[in-house]
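Undergrad: coords please:
(chains A and B)
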There are 2 protein chains.
Amino acid sequence: MSAGAARETADAAKERLRLWLRLLKLSRMIEGDLRERLRSEHETTLPRFDVMAALYRAEAGMKMSQLSGALRVSNGNITGIVDRLVADGMVVRAQVEGDRRAMLVRLTKRGREVFAALAAEHENWVDGLLAEVGPEEARALSGTLKRIADHLEEGAAG
Amino acid sequence: MSAGAARETADAAKERLRLWLRLLKLSRMIEGDLRERLRSEHETTLPRFDVMAALYRAEAGMKMSQLSGALRVSNGNITGIVDRLVADGMVVRAQVEGDRRAMLVRLTKRGREVFAALAAEHENWVDGLLAEVGPEEARALSGTLKRIADHLEEGAAG
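TA: Here you go, the predicted structure:
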């Protein structure tokens, strides 16, 4: 590699590192803000919110293994969160027809109502935090981030 | 608000929510990958890497309060990580001149060497993960993410 090409490669690596550090910083800032609001305004946590969000999307319910696959959190944590949601009347466990060993978890009617209200508020918070980003720019940025994530997923699978 | 304006507002909120979810997903994917490589290739953790990075930048050392301010992690965690780094010979504690109660922590010569090697590898990992993003695009994206973060910080301070 020529000296010029080597410098370009090094510069590109620096730019990508800076991009990662900026991405991480922004993500942590927003996540910290949302975590704090969930705690102070709803006495709830981000992992619990994530579990409810996954179950809300899967109306028919999910196996615990599907739930942990969707959330990429340790199974132990998810079990504890689901236990607590069951105790709070937000989630029920039910046996899968024809497979006695498999259990499904799904939101109760009340769980769906509570999550829907929380999700609407969460959307408002995010809207406020990112108010400075216009809808067109938000769409373009989303597209770029998705492209990068898709590429990473292909790399991980390949 | 007219029906059309209300729909535009709702659409903008959806775009911002999607942007946040994409940002979070990408950030978690990259963070998970880096965490795993630090663990499997260097038997170390991301919080420990972050503490060393902050101390590497502050050559003269930092007070524990400055360190936790810079990292926004609970003091308890940082104390444990610093204790471990001291035990491993990577960090030393020293009293601040003229302030007997304040202690500085700083990297040892060996700590600086170890971190410099790790940081170079970390930069290579990030460069590989984001290889798909050209340097120009990386610079533009960094600028946008910084603008959003700066705006959030102003909002938090104001």
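Undergrad: alpha carbons only for contacts and neighbour counts from here, please
TA: Noted.
Undergrad: Chain A against chain B: which residues are in contact?
TA: A:11-20, A:22-27, A:29, A:123-124, A:126-127, A:129-135, A:138-139, A:141-142, A:145-146, A:148-149, A:151-152 (C-alpha under 8 Å from any C-alpha of the partner chain).
Undergrad: Show the buried residues in the residues you listed.
TA: Among those, the ones that count as buried by 16 or more other C-alpha atoms under 10 Å in any protein chain shown are A:12-20, A:22-27, A:29, A:123-124, A:126-127, A:129-131, A:133, A:135, A:138-139, A:141-142, A:145-146, A:148-149, A:151-152.
Undergrad: just the helices in chain A please.
TA: Remark: helices assigned in chain A by DSSP state H are A:3-42, A:46-57, A:64-71, A:75-87, A:109-129, A:135-157.
Undergrad: Skipping its backbone neighbours, what lies nearest A:L38 in space?
TA: Nearest-residue entry for A:L38: A:T44, 5.3 Å, with adjacent residues in sequence omitted and distances by C-alpha to C-alpha, 6 or more residues apart in numbering or on different chains.
Undergrad: what's near enough to touch the residue nearest in space to the middle of chain A?
TA: Residue closest to the average C-alpha location in chain A (C-alpha atoms, centre = their mean): A:D50, at 6.0 Å. A:D50 makes contact with A:L71, according to C-alpha atoms under 8 Å, 6 or more residues apart in numbering or on different chains.
Undergrad: now the strand ranked longest in chain A against helix A:46-57, angle please.
TA: Ranked by residue count, the top strand of chain A under DSSP state E comes out as strand A:99-107. Angle of strand A:99-107 versus helix A:46-57, following axes from the mean of the first three to the mean of the last three C-alpha atoms, to 10 degrees, is 110 degrees.
Undergrad: list the helices and strands strand A:99-107 packs on?
TA: With contacts taken as 3 or more C-alpha pairs under 8 Å, 6 or more residues apart in numbering or on different chains; DSSP states H and E, strand A:99-107 sits against helix A:46-57, strand A:62-63, helix A:64-71, strand A:91-96.
Undergrad: And the last one, what's buried?
TA: Meaning strand A:91-96. By neighbour count with 16+ other C-alpha under 10 Å, strand A:91-96 contains the buried residues A:91-93.
Undergrad: What pLDDT does the model give A:G76?
TA: We have a pLDDT of 62 for A:G76.
Undergrad: now A:R106: how far from chain B?
TA: Distance, A:R106 to chain B, using C-alpha to the nearest C-alpha, to the nearest Å: 23 Å.
Undergrad: That residue contacts A:M64, doesn't it?
TA: No - using C-alpha atoms under 8 Å, A:R106 makes no contact with A:M64, being 10.0 Å away.
Undergrad: could the helices of chain A go into TSV alongside distance to B:R35?
TA: Shown next, in TSV, are the helices of chain A (distance: least, C-alpha to C-alpha, whole Å):
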stretch	distance to B:R35
helix A:3-42	13
helix A:46-57	19
helix A:64-71	17
helix A:75-87	18
helix A:109-129	27
helix A:135-157	15
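Undergrad: And these: which comes nearest B:F115?
TA: Of all these, helix A:3-42 sits nearest to B:F115, with 16.0 Å by C-alpha to C-alpha.
Undergrad: And that closest one, what does it pack against?
TA: If contacts are counted by 3+ C-alpha pairs under 8 Å, 6+ apart, helix A:3-42 sits against helix A:46-57, helix A:109-129, helix B:3-42, helix B:109-129, helix B:135-157.
Undergrad: for the record, mean pLDDT for the first one?
TA: In this case it means helix A:46-57. pLDDT averaged over helix A:46-57 gives 94.
Undergrad: And for the last one?
TA: Looking at helix B:135-157 alone, the average pLDDT works out to 92.
Undergrad: so what's A:V126 closest to, chain neighbours aside?
TA: Leaving out its chain neighbours, the residue that sits closest to A:V126 by C-alpha to C-alpha, 6+ apart is B:L17, at 6.0 Å.
Undergrad: Give me the pLDDT for that neighbour.
TA: B:L17 is assigned 97 on the pLDDT scale.
Undergrad: Touching, it and A:A120? I think so.
TA: No - using C-alpha under 8 Å, B:L17 is not in contact with A:A120, being 10.6 Å away.
Undergrad: A:S2 - how many residues pack around it?
TA: Neighbour count for A:S2, taken as other C-alpha atoms under 10 Å in any protein chain shown: 7.
Undergrad: Now do the contacts for it.
TA: By C-alpha under 8 Å, 6+ apart, the contact list for A:S2 is empty.
Undergrad: from the helices and strands packed on strand A:99-107, which stretch is densest packed?
TA: With neighbours taken as mean count of other C-alpha atoms under 10 Å in any protein chain shown, the helices and strands packed on strand A:99-107 reach their highest mean count in strand A:62-63, at a mean of 20.
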